[in-house]
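# Structure for the following, please:
(one chain, ligands or ions: 1)
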Amino acid sequence: MTATADYKTLAERASKELAEATATEALRWTAETFGDDFIVASNMQDAVLIDLATQVKPDVDVLFLQTGYHFPETIGTRDAVQAVYPGVRIVNAEAEQSVAEQDAEYGPKLHERDPNQCCHLRKVVPLRKTLAKYSAWVTGVRRVDAPTRANTPIVTWDDRNGLVKINPIAPWSDDEFNGYISEHGILENPLVSIGYLSIGCAPCTAKVAPGQDPRSGRWAGQGKTECGLHG
Ligand code: SF4
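Below is the predicted model of the structure:
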């Protein structure tokens, strides 16, 4: 059996065994199983997942998709994460082309004309290239994020990227999530407090009114709800 097939079998078994695991149990299993061979993804909206992960692996690798279109506050949060968790290694995954080079080839503001292609170039491809160096990745996806995420398992096989995917906080409600932030004084992107409840690239992220679906502020009016990272 190839390593890929081994890991696929492992993920299928762990998916059942860890179906009810707490976030810490899932992360401990990840660290014990993969050692240095996994990475934690963060969009730098908050440091909940990073805080949990550093409890089992203080020098964990953290993946940030540096699209070139982020709010300054998001870059500031990334830098603050490095200061608060000095052991972590932040991996900035960048697109092959700078924004200026992309504009020259595809025309300016590709995100307005074809956000799927822009996300493909600036998120999906850099993610795939980075994940190719690892055997597992950890995400902060939660079932309450969107109807498309309602069945997110804690451990699964990511067929698209060919590695194990762990979603330790998949079952967390908004109350549990916000409670963890306030109880532990977790770092949060300052944009959250002014109504940006789901933060992506600046041109494609809008404020959300109280009570509205947080993800409705992403690609508002463009008929798109996902970057293509978790689909
Ligand atoms: Fe481009 Fe917007 Fe996707 Fe960012 S979120 S990569 S700016 S389309």
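# Need the pLDDT of residue 225.
Residue 225 carries a pLDDT value of 67.
# low pLDDT regions in this structure?
Scanning the chain with the threshold set as pLDDT under 70 gives 1-2, 221, 223-228, 231.
# So which bits of this protein are right by the ligand?
Contact residues (Cβ under 6 Å from any ligand atom) of the chain with the ligand: 67, 69, 111, 115, 118-119, 122-123, 200-201, 203-204, 227. In this view, the C-beta of every residue, glycine as well, is placed from N, C-alpha and C.
# going on from the longest helix seen in the chain, what's the next piece of helix or strand?
Longest helix in the chain, counting residues (DSSP state H): helix 3-17. Moving toward the C-terminus from helix 3-17, the next helix or strand (DSSP states H and E) is helix 23-34.
# Show me the contact partners of the helix or strand that comes right after that next one.
Next along the chain after helix 23-34, taking DSSP H and E as the criterion, comes strand 38-41. Residues outside strand 38-41 that contact it (Cβ atoms under 8 Å, 6 or more residues apart in numbering): 30-31, 49-50, 53, 60-63, 65, 91, 127, 130-131, 134-140, 164, 166, 229.
# hmm, back to that, export the residues of the chain next to the ligand as a markdown table, with columns for distance to residue 15, secondary structure and neighbour count.
Formatted as a markdown table, the residues of the chain next to the ligand follow (distance: Cβ to Cβ, whole Å; DSSP: H, G, I helix; E, B strand; the rest coil; neighbours: other Cβ atoms under 10 Å):
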| residue | distance to residue 15 | secondary structure | neighbour count |
| --- | --- | --- | --- |
| 67 | 31 | coil | 24 |
| 69 | 34 | coil | 17 |
| 111 | 35 | helix | 22 |
| 115 | 32 | helix | 20 |
| 118 | 33 | helix | 24 |
| 119 | 27 | helix | 24 |
| 122 | 31 | helix | 26 |
| 123 | 25 | helix | 20 |
| 200 | 28 | coil | 23 |
| 201 | 32 | coil | 23 |
| 203 | 37 | helix | 15 |
| 204 | 32 | helix | 20 |
| 227 | 24 | coil | 24 |
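# Out of those, which comes closest to residue 13?
Lowest distance from residue 13 to those (Cβ to Cβ) belongs to residue 227, with 29.3 Å.
# Fine by me, we can end here.
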